[in-house]
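> Compute the structure for the input listed below.
(3 chains)
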Amino acid sequence: MNELKTKIRIDNFNFYYGKKHALKNISMNVPEHRVTALIGPSGCGKSTFLRSLNRMNDLIEHTRCDGTVVVDNVNIYDDAIDVVELRKKIGMIFQRSNPFPKSIYDNVAYGPRINNIKEKKQLDEIVERSLIRAALWDEVKDDLSKSGLALSGGQQQRLCIARAVAVDPEILLMDEPASALDPLATTKIEELIHELKGKYTIVIVTHNMQQAARVSDFTAFFYMGEQIEFDETKKIFTMPGKKQTEDYITGRFG
Amino acid sequence: MERHFQQDLELLKSNVIRMGSAVEQNLFNALDAVMKNDAALASRVIASDGTINQFEIEIDNMVVDLLALQQPVASDLRLILAIQKINNDLERIGDHAVNIAESAYRLTETPQDEPLMEIPNMAKIAKEMFQQALDSFIHLNALQAQSVLESDDRIDALNRGMNSKVIQFIKNDMKSIEGGLELLRISRNLERVADLTTNIAEEVIFHTQAKIVKHHAAEEKQKKQ
Amino acid sequence: MIQKKILSASVSSATALSAFFILAIVAVVMGNIIIEGSSTITWEFLTGKPTEGMTQGGIFPAIFGTFLLVVIMSIIGVPIGTITAIYLTEYANQRSPFARLIRFAVNTLAGIPAIVFGLFGLGFFIQFVGSSMDKALMPAGQLRWGQPNILWASLTMAILTLPVVIVSVEEALKSVPRELREASLALGATKFETIWKIVLPNSLAGMLTGGILAVSRGAGEVAPILFTGAAYFLPKLPNSLSDQFMELGYHIYIMSTQSPDVEATRGIQYATTLVLLVLTFALNFSAIFLRYRVRKNMAH
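Residues are numbered from 1 along each chain as shown, chains lettered A, B, ... in the order given. Here you go, the predicted structure:
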């Protein structure tokens, strides 16, 4: 497992909401083409951490951070970084599926169009490929002009995944992607994550420990803004190194 | 969409089958070594026990990971629990095969050729039982597993018969005391193999029918008596 | 227990009574206007000019004038209001002094009585802007812009309705879920692309509603145009921005207070009021319909 290539290297990362110290000295190496799960109780900072990885936190006023987040040898918090370009490389899937109130086709084509891909044939190809990759193609191929909002919750979330992969990112950040879905739709999303990791590096925040266990290769346990433990998921769920981790995953917390 | 958990489960199952084949190979070779008085074959069995132990550890880890990470339920859970026990049973059958091979090896060093008495019979039944049990696991076939349970009594009877025969044999010729003891050991090991094989069959029935056969069997026995 | 029941029953009947009272007022007002006015409404009334000192004839110049006022007002007011609202919600730092100042100004504007806008229009647009333009553009002594006309009236009206536009567009923009903006930004869209392609299309329904509500408010106001462009009596239609115009609300006001024979205009007053009401309601309903259509389109 040691030969795994690191995709994202986080070093001594701190994050503050105003005076609140939300993330404390986080350091971890997120391996390439693996699924890394972030778990921990509400308010532990896992979502904040996820959103730090594509600088979505920049949108919130009165926040600041220090430390480095290095993606492919580039510190994304460097002043010279173009955040817009960065976000093309790092896709994000949100907790509530949020397709645009547009057709399925236009949803998936949104990112490519922003990147100035105008040619119909090329867009058609990207849309089809992305929908196939998100395991949604078979269900929607006959009516791509249907509104994305007319799909079921699970389908909407897969549409969002298709939309994210359409811009060819290298990393996918997922913020509780299945928390609003029924068990069957959840299983589909989990399977999809399993398939996507061949092509992308995935970081997923989940409230559902079992989900973290099922889908991830590595797991980080966060508590009160600190990274308590980061290890192979197998290790975390069979022989965690810290008592706090053990207490959390066995439900003996607090 | 097939869940990748199902693939993991299939992989686990196929590992058990591979381990079962390795154990089968060793058991059969050990028994052949007894029958043919073949020291080389016996040594081979003894040497290859490491592979089986390796299998056991690997399957054990897979079982723990699947339980911890996939939270299996219903038939998946029963299969994994059954596999955990079958894994244990197979490993011990492997150990008994080694014991038999060791006895076979020592028999080749005794001065005279001992009559094998009930051993060929027992070996035949044990082989059949083992093949049946493994087959019933591969196909998760409860009926086939059921037939394994019935053969166990025959082995037990033959094993009991061996005792008196070996005593008679030793009485006739005190020089054959070593060989006689080895024969008894082989017989006892075979009896244990049959017991463990029966366990495997019971696990298969547990998995397929979710009913604990051992207890039912006990009740039925009580009724008969 | 019984006391509680009595209390509860009396509260529920009291509230129902108040609600019924509102309904009754609407019914009486509408009924009165419809009964008194509908008999006068004819095709000639709608398309003709007023004659015989406004005791006879039609009200077409007033309908046309009202329509023109509303259109020019919207062309000027809606874009300015929309852009201001976009700045306030999307770009301004919500806690910055500048944004607060703008918000304060908008609120103040909303609280100013309509007649003050009329006076402002007279003082600023006609006497300052208009007169300056005349001095610069026209031969000496000639008045063209330095007098009441439809342009100044529309501008005054635009300022009056600006707060309505700003507030309703702001509401519409805020109603676009954060998730949609984030989804767009996360795909590598710039802020402008996100506003242009996601926020604006998704708040279109709300913005349209806001715009139309502003328009319908404007259509019903008389005070701002009193000094800035409405004509007492002008049987011809305006053909330039510097012309005066007739307007429905003003026309009603004139007929009911300034007419030489108020009694003789009674029927026309009711009919004109009915036309004004129908126009205002039509605008409101079209706002509702537009919003419904846009929402429906989004969902399919």
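> Give me the contacts around the helix or strand where residue B:133 lies.
Element membership of residue B:133, judged by DSSP states H and E, is helix B:119-138. Defining contact as Cβ atoms under 8 Å, 6 or more residues apart in numbering or on different chains, one finds that helix B:119-138 is touched by B:16-17, B:20-21, B:23-24, B:27-28, B:31, B:34-35, B:86, B:93, B:141-145, B:147-148, B:151-152, B:154-155, B:158-159, B:162, B:183, B:186-187, B:190-191, B:193-194, B:197-198, B:200-201, B:203-204. For every residue, glycine as well, the C-beta is placed using N, CA and C.
> Likewise for stretch C:227-242?
Residues outside stretch C:227-242 that contact it (Cβ under 8 Å, 6+ apart): C:49-51, C:54, C:61, C:64-65, C:68-69, C:72, C:118-119, C:121-122, C:125-126, C:144-145, C:147-154, C:156, C:222, C:244-247, C:250, C:254, C:258.
> Would you indicate which residues of it are buried?
Within stretch C:227-242, the residues scored as buried using 16 or more other Cβ atoms under 10 Å in any protein chain shown are C:227-231, C:234, C:238, C:242.
> now residue A:142: how far from residue A:131?
12 Å (Cβ to Cβ, to the nearest Å).
> Any stretches of the chain with poor pLDDT?
I went with chain A, as the question did not name one. Residues of chain A that meet the criterion pLDDT under 70 lie in A:1-2, A:254.
> let's do chain C instead
C:52-55, C:297-300.
> Report the central residue of it.
Central residue of chain C (Cα atoms, centre = their mean): residue C:218, 2.3 Å from the mean position.
> Would you mind naming the helix or strand containing it?
Secondary structure from DSSP H and E places residue C:218 in helix C:200-220.
> ok, now which ones touch the residue of the stretch 1-150 of chain C found nearest chain B?
Residue of the stretch 1-150 of chain C nearest chain B, by Cβ to the nearest Cβ: residue C:90 (40.8 Å). Contact analysis of residue C:90 by Cβ under 8 Å, 6+ apart lists C:173, C:191, C:195, C:199.
> can you name the two of those residues that are farthest apart?
The largest separation in the contacts of residue C:90, counting by Cβ to Cβ, is between C:173 and C:191 at 13.2 Å.
> rewinding a little: for the helix holding residue B:133, buried residues please.
So for helix B:119-138, counting by 16+ other Cβ under 10 Å, buried means B:119, B:121-123, B:125-127, B:129-137.
> do stretch B:177-192 as well
For stretch B:177-192, a neighbour-count test (16+ other Cβ under 10 Å) marks B:179-180, B:182-192 as buried.
> which residues sit against it?
Contacts of stretch B:177-192 (Cβ under 8 Å, 6+ apart): B:34, B:92, B:96, B:99-100, B:103-104, B:106-107, B:110, B:112, B:114, B:116-119, B:122-123, B:126, B:155-156, B:158-159, B:162-163, B:166, B:169-170.
> So among those, which ones count as buried?
The neighbour count (16+ other Cβ under 10 Å) marks B:34, B:92, B:96, B:99-100, B:103-104, B:106-107, B:110, B:114, B:116-119, B:122-123, B:126, B:155, B:158-159, B:162, B:166, B:169-170 as buried among these.
> about what we covered before: looking at residue A:142 and residue A:131, which is more packed in?
Taking other Cβ atoms under 10 Å in any protein chain shown, residue A:142 and residue A:131 do not tie; residue A:131 has more neighbours (27 against 7).
> Determine the set of other helices and strands touching the helix or strand containing that one.
In this structure, residue A:131 sits in helix A:120-133 according to DSSP H and E. Helix A:120-133 sits against helix A:104-114, helix A:137-140, helix A:153-165, with contacts defined as 3 or more Cβ pairs under 8 Å, 6 or more residues apart in numbering or on different chains; DSSP states H and E.
> now the angle from that helix to helix A:104-114?
120 degrees (axes from the mean of the first three to the mean of the last three Cα atoms, to 10 degrees).
> chain center to helix A:120-133: distance?
Chain-centre distance of helix A:120-133: 22 Å, with Cα atoms, centre = their mean, to the nearest Å.
> hang on, the earlier thing: which one of the helices and strands packed on helix A:120-133 is the most hemmed in?
Stretch with highest mean neighbour count among the helices and strands packed on helix A:120-133: helix A:153-165 (a mean of 25; mean count of other Cβ atoms under 10 Å in any protein chain shown).
> Give me the neighbour count for residue C:261.
The number of residues packed near residue C:261 is 12, by other Cβ under 10 Å.
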